[in-house]
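Novice: Give me a model of this one.
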Amino acid sequence: GMSSRLFQEVREKRGLCYSVYAFHWGFSDTGIFGVHAATGQSDIAELVPVIIEELQKAGENILQEELDRARAQYRAGLIMSAESPASRASQIARQLLLFGRPIAKEELMERLSALTVDRLTDLSSRLFSTKPTLTAVGPVGTLAPYEAILDSLPGTPTTARKLAV
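Specialist: Here you go, the predicted model:
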């Protein structure tokens, strides 16, 4: 959201994109964590390393107040989504696909309350231990080569600074 570290650093502080957000699509046997950003050709070379740096920092230093804020945002979204029949139907369908049954709001809240900074830090390290996929659409001539982006990811001796053009 607009209060996230990623949004604040990339869009508000540096003005490198029109929009930026992280997302997760979970399935019963796999999933995807991604970042979407819309930017101009002149900013793409700087944008990717900054996103990588922010993801690294977020995974290494998750603050309790950030977790609390995310919980509150999720709870509010859950309450608001219950007001729309289409949203409720979509949510139940997704739960049936993932879990084989609808999940009661109370159970969702219990799961949300069970999240800890340590569990999120562990998840972050597992997410960044796999080779990512990068997709760029449009004039991307100043984007660093994929191999250089891979070299800058966590678990390698280099940092996002290697991508500076």
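Novice: ok, S19 to G138 distance?
Specialist: Noted for S19: a distance of 14 Å to G138, by C-beta to C-beta, to the nearest Å. Backbone N, C-alpha and C define where each C-beta goes, glycine included.
Novice: and the spatially most central residue of the chain, bridged to which residues?
Specialist: For the chain, the residue nearest the mean C-alpha position is A22 (3.0 Å; C-alpha atoms, centre = their mean). Legend: beta-bridge partners of A22 under DSSP bridges are V35.
Novice: Could you tell me how far it is located from L55?
Specialist: Separation of A22 from L55 (C-beta to C-beta): 8 Å.
Novice: overlap in contacts of those two?
Specialist: 6, 35 (C-beta atoms under 8 Å, 6 or more residues apart in numbering).
Novice: Quick check: buried residues in the host helix or strand of E53?
Specialist: For E53, the host element (DSSP states H and E) is helix 44-60. Residues 44-56, 58-59 are the ones in helix 44-60 that count as buried (16 or more other C-beta atoms under 10 Å).
Novice: Sketch out the low-pLDDT regions of this protein for me.
Specialist: Under the criterion pLDDT under 70, the flagged ranges of the chain are 154-165.
Novice: Tell me which other helices or strands the helix holding E53 touches.
Specialist: In this structure, helix 44-60 packs against helix 5-7, strand 31-38, helix 117-127, with contacts taken as 3 or more C-beta pairs under 8 Å, 6 or more residues apart in numbering; DSSP states H and E.
Novice: Kindly provide the distance from L16 to H36.
Specialist: As judged by C-beta to C-beta, L16 and H36 stand 13 Å apart.
Novice: Between those two, which is the more surrounded one?
Specialist: L16 (21 against 11; other C-beta atoms under 10 Å).
Novice: mind checking the SS state of the more buried one?
Specialist: Three-state assignment for L16 (DSSP: H, G, I helix; E, B strand; the rest coil): coil.
Novice: Double-check it against Q41; I have them as touching.
Specialist: No - using C-beta atoms under 8 Å, L16 is not in contact with Q41; the gap is 12.0 Å.
Novice: any idea how far T130 is from F27?
Specialist: As judged by C-beta to C-beta, F27 and T130 stand 16 Å apart.
Novice: Repeat that for L78.
Specialist: L78 is 29 Å from T130, by C-beta to C-beta.
Novice: and the two? which has more neighbours close in?
Specialist: Counted by other C-beta under 10 Å, L78 and T130 do not tie: L78 has more neighbours, with 15 against 10.
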